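**Student:** how does the following fold in three dimensions:
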Amino acid sequence: MGRKLPFDPIDEAARQWGLRWGAVEQMHAVTSLMRVQQLVLAELDELLRPHGLTFARYEALVLLTFSRTGALPLGKMGERLQVHATSVTSIVDRLETAGLVVRRRHPEDGRAVLAEITDAGRELVERATADLVAARFALTALDPAQLHELSQLLRPVREQAGDF
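**Tutor:** From the prediction side, this is the model:
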């Protein structure tokens with residue numbers, strides 16, 4: 001990135017916004033949230049790059065690791081990862097090409113396809129997770145109490161959206 005600005009651009013955007021429209025607090029919060037999402041995702045992807053992963057692919061591998069058998073139908077993966085079916089297909093394609101998952105026919109539903117984590121995928125999850133934990137998931141600016149508070153503040157938004 002370039003030089004640091006001598007002012008907070010989100011504060012300035014909110015000031016300008018307030019001269020024209022309402023809901024300044026919401027605009028400021030959403031803009032801040034989206035900027036933090038960009039920053040955190042960029043750092044997570046940078047941490048995972050040496051492992052040949054993006055955060056989305058890492059999440060898919062972790063989900064498979066958490067499953068009882070190490071395999072899940074692609075549709076269920078999409079539901080749990082909260083992404084569109086085409087995104088799951090793309091993620092699984094990349095993981096399969098890398099030898100981290102294999103596709104299998106569902107033993108009870110011939111129409112369904114399972115993604116199953118390989119031993120190489122399990123080993124990679126362990127190494128990648130160690131790096132993410134060491135980097136505190138790119139949230140080093142917040143202490144444990146603040147992290148808990150952030151999660152609690154965001155929970156009603158997720159609940160209202162129907163996440164759970």
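**Student:** okay, CA-based contacts and neighbour counts for the rest of this
**Tutor:** Noted.
**Student:** number of residues surrounding residue 10?
**Tutor:** Number of residues near residue 10 (other CA atoms under 10 Å) recorded here: 15.
**Student:** er, residue 63 actually
**Tutor:** Residue 63 - counted by other CA under 10 Å - has 17 other residues nearby.
**Student:** and residue 39, what element?
**Tutor:** Per DSSP states H and E, residue 39 falls inside helix 24-48.
**Student:** counting by contacts, list what that helix packs against.
**Tutor:** helix 9-20, helix 55-66, helix 119-134 (3 or more CA pairs under 8 Å, 6 or more residues apart in numbering; DSSP states H and E).
**Student:** tell me the angle the longest one makes with helix 55-66.
**Tutor:** Spelled out, it's helix 119-134. Computed by axes from the mean of the first three to the mean of the last three CA atoms, to 10 degrees, the angle separating helix 119-134 from helix 55-66 equals 110 degrees.
**Student:** list the buried residues of helix 119-134.
**Tutor:** Residues of helix 119-134 classed as buried: 121, 122, 124, 125, 128, 129, 131 (neighbour count, 16 or more other CA atoms under 10 Å).
**Student:** what mean pLDDT does that helix get?
**Tutor:** Averaging pLDDT along helix 119-134 gives 98.
**Student:** need the phi and psi values for residue 4.
**Tutor:** phi -70, psi 140 (degrees, to the nearest 10).
**Student:** neighbours of it, how many?
**Tutor:** There are 7 residues near residue 4, going by other CA under 10 Å.
**Student:** that one and residue 139: what is the separation?
**Tutor:** 20 Å (CA to CA, to the nearest Å).
**Student:** looking at this, residue 141 is in a helix?
**Tutor:** No - read with DSSP: H, G, I helix; E, B strand; the rest coil, residue 141 is coil and lies in no helix.
**Student:** and it, backbone torsions?
**Tutor:** According to degrees, to the nearest 10, residue 141 has phi -70, psi -10.
**Student:** check residue 8 too.
**Tutor:** Torsion angles, degrees, to the nearest 10, at residue 8: phi -80, psi 110.
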